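Asks: I'll drop the sequence and a predicted model, then ask my questions.
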Amino acid sequence: MKIFIAGDSTAANKQANKRPESGWGEYLKDFISPHIEIRNYAENGRSTKSFITEGRLFQIETEIEPGDFLLIQFGHNDSKEDVLNHTNPNTDYMDNLERFAVTATSNHATPIFISSITRRKFIDGKLDPNAISDYPDAMKRFCELHGYPFIDMYHISQKIITQLGDTSSKKFHNYLKPLEHPNYPDGMTDDTHFSPYGAKMYASLIAIELKKFI
């Protein structure tokens, strides 16, 4: 059995020059059966649109087999305004999600949709409930309409970050002082991508949710 991951930078494997930035897909293997193979095709900067147009979904289609699972998590980059990535959450985003689903089902595999993990976006001390625009809700509605398995990581992560608060939740993300890490000599403040701690925590939570379907 194989689990394929289609997604963006929040799930992707990272190169050495990006560390300590980490993706949850790198650590999923640590929380599931060692008999399940993980094939992580998530890539930094990709939306449903660019993932498809670059042939990444086609590559998955050539490898996926009956009994496998395809995890799909997009939203961060679909909200960008550039022509290569942008989708409308109510139209072509939905159409693209269906293409991912059909890639799995036509090969007798199971698609599992995972809403995007929230950005750590606090406004006047409160986490923005609309931190990734309408994409998490659009994915939820899509899955409810078609009956596809769905893991609401947006809701889960919003709850966790809200409970931790503005200061304590920074450990889930990349906050570096100048000279703290050689990749970022000027320091870094990143409320989208995960620290190793955050990536591992979210991987463990996704693994728990996957037990409902696998």
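Replies: Sure, I can see it.

Asks: from now on I want contacts and neighbour counts done on CA atoms only, so please keep to that.
Replies: Noted.

Asks: give the residue farthest from the middle of the chain.
Replies: L179 (29.1 Å; CA atoms, centre = their mean).

Asks: that residue falls within a strand, correct?
Replies: No. Per DSSP: H, G, I helix; E, B strand; the rest coil, L179 lies outside any strand segment and is coil.

Asks: in three-state terms, how would the closest residue to it other than its chain neighbours be classified?
Replies: Nearest non-adjacent residue to L179, counting by CA to CA, 6 or more residues apart in numbering: P185, 4.5 Å away. What three-state DSSP gives for P185 is coil.

Asks: from S133, how far off is P185?
Replies: 32 Å (CA to CA, to the nearest Å).

Asks: kindly report the same for D124.
Replies: 18 Å.

Asks: more neighbours: which of those two?
Replies: Shown here are D124 and S133; by other CA atoms under 10 Å, S133 has more neighbours (15 against 7).

Asks: check the more buried one and give its pLDDT.
Replies: pLDDT, S133: 96.

Asks: got the contact list for it?
Replies: S79 (CA atoms under 8 Å, 6 or more residues apart in numbering).

Asks: in which helix or strand would I find it?
Replies: Take DSSP states H and E as the rule and S133 turns out to sit in neither a helix nor a strand.

Asks: now do I112
Replies: strand 110-114.

Asks: do P136 as well
Replies: helix 135-146.

Asks: same thing with L97?
Replies: Counting by DSSP H and E, L97 is found in helix 92-105.

Asks: I'd like to check the angle between the helix holding P136 and strand 110-114, please.
Replies: 150 degrees (axes from the mean of the first three to the mean of the last three CA atoms, to 10 degrees).

Asks: contacts for helix 135-146 next, please.
Replies: So helix 135-146 is contacted by 75, 78-79, 89-90, 94, 97, 113, 115-116, 149-150, 152, 154 (CA under 8 Å, 6+ apart).
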